[in-house]
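> need a structure here:
(chains A and B)
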Amino acid sequence: MYADNELSAAEKLLVASFVEANPDLRQELELLMQTKLVADPNIVFQNKDLLMRSSLDTSSVINQSNYEEFFLLYLDNELNEEDKIAVEKFADKHPLLWHEMMLLQKARVEPDDSIVYAGKEKLYKKEDRKIVFLPWQRIAAAAVILLIAGTIVFKYMTQKTDNPLATGNQTIKADSTIAKKDDHQPVTSPQADTLQNRNTAKTQSHIDNKMTQMKKANPVTKNIAVKKMPVENETLERVKEISPVVAKNENIDSADQINTVKINIPTDAAATLTDLEKQTDTKQQTQSVVKLASFTDVPEPESTNVLAFSTRKNKMRGIFRKVSRVFEKTTNVDGDKSSVLIGSFQIAVK
Amino acid sequence: MTESDYNECVTTNADKVYRFILKNLRNEEDARDVVQTAFERLWRNRNEVNAEKSKSYLFTIAYHHMIDHLRKVKRIQLKDEFHAEARIQDRRPDNLKKILEEALMRLNETQRSLVMLKDYEGYSYEEIGEITGLNQSQVKVYLHRARLQLKNYLVSLENVI
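As a prediction, the model looks like this:
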């Protein structure tokens, strides 16, 4: 640090006093001092005038010292418009330098178009075609599948409902045709003969007596949808067939209705029906008759799947009935007995 | 980049890349290998490359592969071999062109590549820098030195003649 002149004055005095105290170290200090380099004054920069700037050159970017670089940039098309104009002006002022620019322009190579790559066909590629469904196509396909499945299910369900209804309609139609002859005729054995299955004669007569009593009572109409009836149990079916025949009254509008079958059963008949239930053998019959007789008064026991479905269907029928009433009101359709009302259409009956 | 974009790139740029590599390697078979390798890599990476950038991507791959090849082989090409294998046919005897070809061969591989990318393909300093992995200043300096060398060679020959 002493040799590099990095010590303060006080520190230098300390070094000097230390060296005097240790004469053997003086020689080492002198050797260190001799290693310091001294600049050679003979080495000078030539052509300092190239570094000089004049008032004329300060106005433009290109000058005598950097013209070559600007020429190369000009030839490489790397200058903006302003610099290009400056280079051209400079070259005009210095014809000798313009010649140098021409030489630089000659030192540019041009592509040889005769050199071509033979066998390009080997470089061409072909992609493996993959059938990819776009997202919207997938969604459309899924929607179509759901639609088809829903249609199949709907048709299956309607067919299932139509079968019991067909059976019930057949029996009800048979009963209605018989009822047309005489509304006040009690259920006699000929009518019973039209039924599919029979119980014992004793039970039949008992039922007949009960039905007669029901006729005399004031009917309180209850509209019960009888579209779906269990077909499995024979006794139950017979009871159902009896109830529409016996419980008929003047409120039955038409026996020819196709869409809905209005069966009016008085409350007394409902009670009678419940009595009839007790006479039947199986529990299933009891449950289904109760279900048929009354929908509100008697608490429903556990119903079968079919009756539960019939309940839902009754609700649908109720909705349809409301809609048809709205149509009737708006179209002023008269519900007379000489015509059949199907939905909103009225068909005359001969 | 689609299949059709790639095939169009083959049609448009195969000759250019081949010419560039051949001038550097001065061996036809080696140049073909480099070109095929470059296109193969372009095909493999076609999903990551835009069609507009395919040419510069191709030149980048070819240039680096060429440098690797040169370093591996360290071959010195003779003029006779160059003319016989490459089968270059000049349209007419052009002294200047020949002199320039000779001068070009005197440059190092980096300078030679820079001169050809600039003069053959017209790339800017920035684009050349992206292809060769140099920064813009380096490209400018190396290219200027190369040009001065070519000019001096021309001048020296003129002086001799």
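
> where in the stretch 201-350 of chain A is pLDDT low?
Within the stretch 201-350 of chain A, the segments meeting pLDDT under 70 span A:201-313, A:327, A:330-350.

> Any residues of it in contact with chain B? List them.
For the stretch 201-350 of chain A, the contact set with chain B under C-beta under 8 Å from any C-beta of the partner chain is empty. Every C-beta, even on glycine, is put in place using the N, C-alpha and C of the backbone.

> number of nearby residues for residue 129?
Went with chain A since none was named. 7 (other C-beta atoms under 10 Å in any protein chain shown).

> please go with chain B instead
Residue B:129: 18 neighbours (other C-beta under 10 Å).

> pretty sure it contacts residue B:135?
Yes: between residue B:129 and residue B:135 there is a contact under C-beta atoms under 8 Å: 5.6 Å.

> pLDDT value on residue B:110, please?
Per-residue confidence (pLDDT) for residue B:110: 92.

> Against residue B:124, how distant is it?
17 Å (C-beta to C-beta, to the nearest Å).

> Next: residue A:9.
In terms of C-beta to C-beta, residue A:9 sits 61 Å off from residue B:124.

> which of these two has more neighbours?
In this view residue A:9 and residue B:124 are compared by other C-beta under 10 Å, and residue B:124 has more residues nearby, 15 against 7.

> where's residue 10, which helix or strand?
No chain in the question, so chain A it is. Element membership of residue A:10, judged by DSSP states H and E, is helix A:9-21.

> should've been chain B
Assessed by DSSP H and E, residue B:10 sits inside helix B:3-25.

> After that helix, which helix or strand is next?
Going down the chain from helix B:3-25, the next helix or strand is helix B:28-44, by DSSP H and E.

> Strands of chain B, start to end?
Applying DSSP state E to chain B gives no strands.

> okay, and for it, where does confidence drop off?
Low-confidence segments of chain B, defined by pLDDT under 70: B:75-94, B:158-161.

> Domain ranges for it, per the record?
Domains of chain B are assigned by automatic domain parsing as B:1-89, B:92-161.

> Turn those domains into TSV, columns for distance to residue A:139.
Formatted as TSV, these follow (distance: least, C-beta to C-beta, whole Å):
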stretch	distance to residue A:139
domain B:1-89	26
domain B:92-161	43
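
> any chance of those in a markdown table, plus distance to chain A?
Output for the domains of chain B, formatted as a markdown table (distance: least, C-beta to the nearest C-beta, whole Å):
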| stretch | distance to chain A |
| --- | --- |
| domain B:1-89 | 4 |
| domain B:92-161 | 4 |
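
> right, so of those, which gets closest to residue A:23?
Smallest distance to residue A:23 across these (C-beta to C-beta): 58.0 Å, for domain B:92-161.

> starting at the chain centroid, how far to that closest one?
The chain centroid and the centroid of domain B:92-161 are separated by 11 Å under C-alpha atoms, centre = their mean, to the nearest Å.

> Give me the nearest residue to residue B:8, chain neighbours excluded.
Spatial nearest neighbour of residue B:8, chain neighbours left out: residue B:51 (7.9 Å); criterion: C-beta to C-beta, 6 or more residues apart in numbering or on different chains.

> got the domain boundaries for chain A?
Domain ranges of chain A: A:1-35, A:61-97, A:139-348, per automatic domain parsing.

> give me the number of residues near residue B:55?
Residue B:55 has 18 neighbours, counted by other C-beta under 10 Å.

> so what's it up against?
B:9, B:12, B:13, B:16 (C-beta atoms under 8 Å, 6 or more residues apart in numbering or on different chains).

> Just the buried residues out of the residues you listed, in PyMOL syntax.
The following PyMOL line selects those of the contacts of residue B:55 that are buried, judged by 16 or more other C-beta atoms under 10 Å in any protein chain shown:
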select buried, chain B and resi 9+13+16
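
> Arrange the contacts of residue B:55 in a markdown table, one row each, with distance to residue B:57 as further columns.
Converted to a markdown table, these look like this (distance: C-beta to C-beta, whole Å):
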| residue | distance to residue B:57 |
| --- | --- |
| B:9 | 9 |
| B:12 | 13 |
| B:13 | 10 |
| B:16 | 13 |
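
> From the contacts of residue B:55, pick the one nearest residue B:46.
Out of the contacts of residue B:55, the member with the shortest distance to residue B:46 (by C-beta to C-beta) is residue B:9, at 9.3 Å.

> Give the closest residue to the closest one in space, chain neighbours not counted.
With C-beta to C-beta, 6+ apart as the measure, residue B:54 is the residue that lies nearest to residue B:9, at 4.6 Å, once sequence neighbours are left out.

> Look up how far residue B:39 lies from the one you found.
10 Å.

> got it, and residue A:135?
In terms of C-beta to C-beta, residue A:135 sits 33 Å off from residue B:39.
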